[in-house]
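In: What follows is a predicted protein model with its sequence.
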Amino acid sequence: MGYPREEMEEMWRRWTAANEAAEAASDWTGLGDFYTDDASYTWTVGHHGQFAARGRQDIIDHVLVFEMIGFEGWTYPYEKVVIDDSRGEIVGYWSQVTPFEDEAGRRIRTNGLGCSWFRYAGDFKWSEQLDLFDVDDVQGVLKKLNRLGLLSDEFKARQQRYIDGTAPGSRFV
């Protein structure tokens, strides 16, 4: 189903502004307002398949709260966007930038771009989001940060919950 181009461009402006505000505050919960009650949010987890959150509250609790523990100060700037108003879909390409610097004074970041595919539902809300990114690249950055002693205790505790199988919403499809 298509939507007016101007409406989808306005949705993207609102979304990116809210993301920038979330990054600045290290509080992602406000992004929950951009999802329909029955929205789905999935992302790749390498050979494990995909993580899935179903419904706005599940997205808030598991994606925007639990999954962001330890990522305070990280930014995810959108580098490119493709809007398909005839299908009601948007793809945004982003990078992952840590707040930490390497030995040369450059911000430590992932090497490639990730992307998010969104299905627009009208009324300035998403009904679906799928994130695609290089899991090995992200793990490499996290290993580097760990070697440098830059991962917070909160992040390590969150990761341990995955190892223990007690992470909320840790379900794969």
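Out: Noted; the coordinates are in hand. Residues are numbered from 1 along each chain as shown.

In: Tell me the bridge partners for the residue nearest to the spatial centre of the chain.
Out: The chain has residue 131 as the residue nearest its centroid, 6.9 Å off, counting by C-alpha atoms, centre = their mean. Residue 131 has these beta-bridge partners by DSSP bridges: residue 43, residue 116.

In: wait, doesn't it sit right on residue 43?
Out: Yes: taking contacts as C-beta atoms under 8 Å, residue 131 lies within contact range of residue 43: 3.7 Å. For glycine as for every other residue, the C-beta is placed from the backbone atoms N, C-alpha and C.

In: which intervals of this protein have sub-threshold pLDDT?
Out: 48, 168-173 (pLDDT under 70).

In: go with 80
Out: 1, 45-50, 162-163, 165-173 (pLDDT under 80).

In: ok, longest helix in it?
Out: Using DSSP state H to define each element, the chain has its longest helix at helix 5-25.

In: buried set for it?
Out: For helix 5-25, a neighbour-count test (16 or more other C-beta atoms under 10 Å) marks 8, 11-12, 15, 19, 22-23 as buried.

In: Stretch 69-86 too?
Out: 70-71, 74-76, 78, 81, 83, 85.

In: Keep only those of those that are in strands.
Out: Using DSSP state E, the members of the buried residues of stretch 69-86 that fall in strands are 78, 81, 83.

In: and the first one, what are its bridge partners?
Out: This points to residue 78. With DSSP bridges as the rule, residue 78 is bridged to residue 94.

In: residues contacting it?
Out: For residue 78, the contacting residues are 16, 19, 92-94, by C-beta atoms under 8 Å, 6 or more residues apart in numbering.

In: Let's have the buried residues of helix 5-25 in JSON lines, adding distance to residue 117.
Out: Below are the buried residues of helix 5-25 laid out as JSON lines (distance: C-beta to C-beta, whole Å):
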{"residue": "8", "distance to residue 117": "14"}
{"residue": "11", "distance to residue 117": "14"}
{"residue": "12", "distance to residue 117": "13"}
{"residue": "15", "distance to residue 117": "13"}
{"residue": "19", "distance to residue 117": "16"}
{"residue": "22", "distance to residue 117": "19"}
{"residue": "23", "distance to residue 117": "21"}
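
In: Among the ones in strands among the buried residues of stretch 69-86, which one sits closest to residue 152?
Out: residue 78 (25.4 Å; C-beta to C-beta).
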